[in-house]
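> A structural model of the following input is requested.
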Amino acid sequence: MKEILSDVIKRLRNGEYKNEEHVRLSLVCRILEYLGWDIWNPREVFSEFAAIPQEDASRVDIALFMPPQLLRPAVFIEVKAVGKLAATIQSAELQLRNYNRNNQADISILTDGQIWHFYLSSASGEFSDKCFEKLDLCASDISLDDLELEFHTFLSKEAIQSGKAVEEARVYLKRTDAERIMYEMLPIAQRDSEEDPTMSLIECFIKRCAERGVECSSDKALNFIKNNRHRTMPINTNSSTVITLPPPITSRIQKEKKPSERFSVEQILTLQNRRGAQASGKELSSKNFIVFEGSVAAEATPDFKKQNNSAYQIYCKLINMGIFIPEDRGDNRVYRLTQDYEFNSSSSAASVFMGTSASGPREWKKK
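Down below sits the predicted model:
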């Protein structure tokens, strides 16, 4: 979809959309088709829909109907010529409010091609208060990835049919301005951390929020990420495939009890080094090794990074997933483990926490 959005933005900037029909046919319907709507089926994508039957002169520019029954409108889209929305926003919102009087759509949209306002029709209050998202396709501070995510979340056929669009809209309306910024920055920070494995998701998230004027501590960022792991980023809206925030790579995490309640002191092993590593764990009957929450890993050595073996890859994944939280202790950068984590061997666990290739049987010692 990024190719389509890039072309649309170029045409907007070049002034190629001359009137309302250009916006409706060459811009809005182009996006709708990519988002899964059958624009060639007039029962599904209904132009000039009479939402108020007794007022034939009042028609919705585009009404999207929910397949397969095609009995009720799911989305109303009112289209204006480029640059005309700002001057007519109040009357346009009044139009949408009236359209929803007899046939309420799940989502209502006002757009002049460049500016998009999304409304949750069933929300309480004045119609202007129902607006949960505003997009400017030509804004300098929004990326194609961000735009793709927003359109997929609130206007794709899949999201409308499944009810996820309405669920997300309700969440958006309840958020404070700071929370909305944090929610918007989360998938961007995810992309940043994937592009630079040496930066944790927490660090990227804090940095992106700060750029928008929202300050986050490490703990606040961690809690927000944990509570919003459902946030997804589409990779191809022609299919149902999405990228979600990475799940834990461990096969089993035990959190029902504290380590001291699960194992006797004699069973617990520890390791440490001068660069800040200080961890405790236990070898399981399966020969896997569980490291306990609160353990601290040393920063990776240059040799460890250069080797790029499986242990170092796990090290990077734990940082990217926010399971490792960065902390500065004097001159050392260390990473605190935020939950119990199970490794497939004691050596893998030792290497990750020592920040270098290590032997588990040699490094893990009884307390």
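
> correct me, but Arg97 touches Ser128?
No: Arg97 lies out of contact with Ser128 (CB atoms under 8 Å); the separation is 9.3 Å. The way it works is simple: take the backbone N, C-alpha and C, and place the C-beta from them, glycine included.

> so which bits of stretch 178-189 are buried?
Arg180, Ile181, Met182, Tyr183, Glu184, Met185, Leu186, Pro187, Ile188, Ala189 (16 or more other CB atoms under 10 Å).

> send me that stretch as PDB with only the CA atoms.
Coordinates of the C-alpha atoms in stretch 178-189 are reproduced here as PDB (Å, rounded to 0.1, in the frame of the first residue of the first chain):
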ATOM      1  CA  ALA A 178      -0.100  11.700  25.700                       C
ATOM      2  CA  GLU A 179      -1.400   8.200  25.500                       C
ATOM      3  CA  ARG A 180      -2.400   8.700  21.900                       C
ATOM      4  CA  ILE A 181       1.100   9.800  21.000                       C
ATOM      5  CA  MET A 182       2.500   6.700  22.900                       C
ATOM      6  CA  TYR A 183       0.100   4.400  21.000                       C
ATOM      7  CA  GLU A 184       1.100   5.900  17.700                       C
ATOM      8  CA  MET A 185       4.900   5.700  18.500                       C
ATOM      9  CA  LEU A 186       4.800   2.000  19.500                       C
ATOM     10  CA  PRO A 187       4.900   0.400  16.000                       C
ATOM     11  CA  ILE A 188       7.400   3.100  14.900                       C
ATOM     12  CA  ALA A 189       9.700   2.200  17.800                       C
END
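
> average pLDDT for it?
Averaged across stretch 178-189, pLDDT comes to 80.

> likewise for stretch 355-362?
Rounded mean pLDDT across stretch 355-362 is 90.

> can you lay out the buried residues of stretch 178-189 as CSV showing distance to Lys207 and secondary structure?
Output for the buried residues of stretch 178-189, formatted as CSV (distance: CB to CB, whole Å; DSSP: H, G, I helix; E, B strand; the rest coil):
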residue, distance to Lys207, secondary structure
Arg180, 18, helix
Ile181, 13, helix
Met182, 12, helix
Tyr183, 16, helix
Glu184, 14, helix
Met185, 9, helix
Leu186, 13, helix
Pro187, 14, helix
Ile188, 10, helix
Ala189, 8, helix
